[in-house]
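*Asks:* Quick one, what's the 3D model for this:
(one chain, ligands or ions: 2)
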Amino acid sequence: MTTENTAAPVSERDRVIIFDTTLRDGEQCPGASMTFEEKLQVAELLDDMGVDVIEAGFPIASVGDFESVAEIARRSKRAVIAGLSRAALNDIDRCAEAVKHAKRGRIHTFLSTSPVHMKYKLQKQPHEVLEMIVASVTRARNHVEDVEWSSEDGTRTEIDFLCRCVEAAIKAGASTINIPDTVGYTTPAEYQALFRTVRERVPNSDKAVFSVHCHDDLGMAVANSLAGLAGGARQVECTINGIGERAGNAALEEIVMAINVRSDVLPYATGIEATMLTRASRLVSAVTSFPVQYNKAIVGRNAFAHESGIHQDGMLKHTQTYEIMTPDSVGVSKTSLVMGKHSGRAAFRDKLKTLGYDLGENALNDAFTRFKDLADRKKVIYDEDIEALVDQGIAAAHDRIKLISLSVIAGTRGPQRATMKVEVDGRVQTEEAEGNGPVDATFNCIKALFPHTAKLELYQVHAVTEGTDAQAEVSVRLEEEGKVVTAKAADPDTLVASAQAYITALNKLMVKRHSVNPQAAAG
Ligand code: KIV
Ligand code: ZN
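*Replies:* Ligands and ions are numbered 1, 2, ... in the order given. Below is the predicted model:
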């Protein structure tokens, strides 16, 4: 932090619990699915970064979800591992089965309380909803001590009824009460007042920690979350890069840095190691294939870039002229020229360490081979190139379909033709196809090799770094029967990156085929 302020010492500030739901609410958003191994990786990083509670998934949603929550629970170090559950008793039992492996497990159960949700979604009367809250929290308490209850669509709930629900949930044993702004409708002043009112009016409110959970439909998720803290909440539910349903959730990195930088007016402390924020952002972007917008606060590519002459001049005179926090404070390393084809394994391992990667021996060998291959094709390799290469390897490690080779004939004389070799479940196959341009020919080849009904919804190309030999980063979005997946791949050859991105998306679609959406199924 660079700007002087009048903050109280950390020991005197109120501790705010950071509850990360990247693996549940974040993963729920269209296209952001992660594989089992990717979820384990993200969970490990969140735990190491100091996240207090990791919501690892929704165990009843699918066998895959159950298994990933159970495995994350088994591997947890410091963090509490939470699973989400509807109010149905079998959901709660399944959730308990998954989180029981954690050193500290939590069941997070929720039920809608707003008039519109009760009438149309649940088709229940308020008294029935109250009974369900008591039954569900009681059931969860029979399994674990740590139970969180959420009033879905809490900000559109009639206040007297909300207070009765909260009181009943605490009486039944919930020690955390979350009042979500499920549809991103509230405003900061309103949300602050809501927490103040509920805490004042509910007689047993001192027996629970109150929690904020904000969606970003009107772009106010972070502001609302901070306002909830001013109203007395002490847990924030958020996601890395703000991914989540529709417009997303409050971004963890923004909450943490707002608290760190403005501790003069936000007298709180979190347990987050802020220098790991950039690494977390990049990992989540890589495994979900959701690009981070360039001007995104804290972790966007331009967040610390100073382009105009006046700003650059100011920065040279004193960094505090245009920087309220240093890039180092959030783990941004300056883009640097790294290595070329003569660099050895030790230097490569060292570089990975400074970029925040801690790879096992096999993953390191694989990344090094791909680094050498890239160095043969690209003169200058930047940190971003290495990150793209390693992230891609992490994402592809357990794919069913693997690209072996591709050659394409393109140019002014059509038709364009692609020849591709892939390995599907260990079997090598080759195909040729023509198309309306080289990308179309490449994608037709994939369709011939692996017939599917998924529709291509988005195809986008950007450059990872600068120059004509820059790696092309391709994003592909596929849709099949309402399930949407996005995938990214980078390579100096745009067509190889295109094929790789399409194949990664297909691999993700296969993982996604058997899961249900907890919000849609709630009730
Ligand atoms: O937005 C929401 O209401 C939720 C609940 C399930 C906590 O995600
Ligand atoms: Zn939510």
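*Asks:* Flag every residue of the stretch 51-200 of the chain that's near ligand 1.
*Replies:* The stretch 51-200 of the chain comes close to ligand 1 at residues 110, 150, 152, 178, 180, 182, as judged by CB under 6 Å from any ligand atom. Just so you know, the C-beta spots here come from the backbone N, C-alpha and C atoms, and that holds for glycine as well.
*Asks:* Just the element for the closest residue to the fifth one other than its chain neighbours, please.
*Replies:* It refers to residue 180. Spatially, and ignoring its direct neighbours in sequence, residue 180 is nearest to residue 213 (3.8 Å; CB to CB, 6 or more residues apart in numbering). Using DSSP states H and E, the element containing residue 213 is strand 209-214.
*Asks:* what about the following helix or strand past that strand, near ligand 1?
*Replies:* Next helix or strand after strand 209-214 toward the C-terminus (DSSP H and E): helix 221-230. No - Helix 221-230 is not in contact with ligand 1 by CB under 6 Å from any ligand atom; minimum separation 10.6 Å.
*Asks:* Report the distance from the helix or strand following helix 221-230 to the chain centre.
*Replies:* Going down the chain from helix 221-230, the next helix or strand is strand 235-238, by DSSP H and E. Put simply, strand 235-238 sits 14 Å off its chain's centre (CA atoms, centre = their mean, to the nearest Å).
*Asks:* what does stretch 41-54 give?
*Replies:* With CA atoms, centre = their mean, you get 12 Å for stretch 41-54.
*Asks:* what does stretch 348-355 give?
*Replies:* With CA atoms, centre = their mean as the basis, stretch 348-355 stands 24 Å off its chain's centre.
*Asks:* can you map out the strands along the stretch 1-150 of the chain?
*Replies:* In the stretch 1-150 of the chain, the segments counted as strands under DSSP state E, counting those that start in this stretch are 14-15, 17-20, 53-57, 80-85, 105-112, 146-152.
*Asks:* any weak-confidence spans in this protein?
*Replies:* Filtered on pLDDT under 70, the chain yields the residue ranges 1-7, 306-309, 311-312, 315, 333-339, 356, 380, 394-398, 465-466, 511-523.
*Asks:* Show me it divided up by domain.
*Replies:* Using automatic domain parsing, the domain parsing of the chain gives 13-288, 335-395, 399-513.
*Asks:* how about the residues of the stretch 51-200 of the chain next to ligand 1 in JSON lines, adding distance to residue 365 and neighbour count?
*Replies:* Converted to JSON lines, those look like this (distance: CB to CB, whole Å; neighbours: other CB atoms under 10 Å):
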{"residue": "110", "distance to residue 365": "44", "neighbour count": "25"}
{"residue": "150", "distance to residue 365": "45", "neighbour count": "24"}
{"residue": "152", "distance to residue 365": "47", "neighbour count": "25"}
{"residue": "178", "distance to residue 365": "44", "neighbour count": "25"}
{"residue": "180", "distance to residue 365": "45", "neighbour count": "22"}
{"residue": "182", "distance to residue 365": "46", "neighbour count": "25"}
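*Asks:* for those residues, which one is nearest residue 123?
*Replies:* residue 152 (14.8 Å; CB to CB).
*Asks:* okay, now the residue nearest to residue 138 when sequence neighbours are not counted: neighbour count?
*Replies:* For residue 138, ignoring the flanking residues on the chain, the nearest one in space by CB to CB, 6+ apart is residue 172 at 4.9 Å. For residue 172, the neighbour count with other CB atoms under 10 Å is 18.
*Asks:* how about residue 69, what does it touch?
*Replies:* 56, 57, 58, 59, 81, 83, 95, 98, 99 (CB atoms under 8 Å, 6 or more residues apart in numbering).
*Asks:* ok, back up a step: was I right to think the residue nearest to residue 180 contacts residue 150?
*Replies:* Yes - with contacts counted by CB atoms under 8 Å, residue 213 reaches residue 150, the gap being 6.9 Å.
*Asks:* Whichever residue of the stretch 201-350 of the chain sits closest to ligand 1 and residue 194: what is the separation?
*Replies:* Residue of the stretch 201-350 of the chain nearest ligand 1, by CB to the nearest ligand atom: residue 213 (5.3 Å). Relative to residue 194, residue 213 is positioned 12 Å away (CB to CB, to the nearest Å).
*Asks:* for residue 359, same thing?
*Replies:* Distance from residue 359 to residue 194, by CB to CB: 46 Å.
*Asks:* Pick out whichever of those two has more residues nearby.
*Replies:* residue 194 (25 against 17).
*Asks:* Which element, helix or strand, includes the more buried one?
*Replies:* Residue 194 belongs to helix 188-201, assigned by DSSP H and E.
*Asks:* tell me the contacts of the residue of the stretch 201-350 of the chain closest to ligand 1?
*Replies:* By CB under 8 Å, 6+ apart, the residues touching residue 213 are 21, 150, 178, 179, 180, 181, 182, 237, 249.
*Asks:* Now residue 382: phi and psi?
*Replies:* Phi and psi for residue 382, reported as degrees, to the nearest 10, are phi -100, psi 170.
*Asks:* ok so, going back, so for residue 213 and residue 150, which residues contact both of them?
*Replies:* Common neighbours of residue 213 and residue 150 (criterion: CB under 8 Å, 6+ apart): 178, 179, 180.
*Asks:* what's the most distant pair in the residues of the stretch 51-200 of the chain next to ligand 1?
*Replies:* When CB to CB is used, the two most widely separated members of these are 178 and 182, lying 10.5 Å apart.
*Asks:* Can you work out which residues contact both of those two?
*Replies:* Contact criterion CB under 8 Å, 6+ apart; residues shared by residue 178 and residue 182: 154, 213.
*Asks:* circling back: would TSV of the strands of the stretch 1-150 of the chain with distance to residue 416 be doable?
*Replies:* Converted to TSV, these look like this (distance: least, CB to CB, whole Å):
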stretch	distance to residue 416
strand 14-15	60
strand 17-20	45
strand 53-57	43
strand 80-85	47
strand 105-112	52
strand 146-152	51
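*Asks:* between these, which gets nearest to residue 473?
*Replies:* Residue 473 lies closest, by CB to CB, to one member of these: strand 17-20, at 26.0 Å.
*Asks:* Centre of the chain to the closest one, how far?
*Replies:* Distance, centroid of strand 17-20 to centroid of chain: 13 Å (CA atoms, centre = their mean).
*Asks:* Grab the CA positions of that strand and hand them over as CSV.
*Replies:* This file holds the C-alpha atoms of strand 17-20, laid out as CSV (Å, rounded to 0.1, in the frame of the first residue of the first chain):
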residue,chain,number,x,y,z
ILE,A,17,-14.4,-14.1,7.0
ILE,A,18,-13.7,-14.7,3.3
PHE,A,19,-16.0,-17.3,1.9
ASP,A,20,-15.0,-18.2,-1.6
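*Asks:* and it, which strands flank it?
*Replies:* Under the criterion DSSP bridges, strand 17-20 sits next to strand 53-57 (parallel), strand 235-238 (parallel) in its sheet.
*Asks:* hey, which of the ones you listed is tucked in deepest?
*Replies:* strand 53-57 (a mean of 30; mean count of other CB atoms under 10 Å).
*Asks:* So residue 389 versus residue 286, what's the distance?
*Replies:* Plainly put, residue 389 is 11 Å away from residue 286 if you go by CB to CB.
*Asks:* list residues touching both of those two?
*Replies:* By CB under 8 Å, 6+ apart, no residue touches both residue 389 and residue 286.
*Asks:* wait, is residue 499 part of a strand?
*Replies:* No - read with DSSP: H, G, I helix; E, B strand; the rest coil, residue 499 is helix and lies in no strand.
*Asks:* and it, how far is that from ligand 1?
*Replies:* Per CB to the nearest ligand atom, to the nearest Å, residue 499 is found 36 Å from ligand 1.
*Asks:* Residue 431 bridge partners, please.
*Replies:* residue 420.
*Asks:* so what's it up against?
*Replies:* 419, 420, 445, 448, 449.
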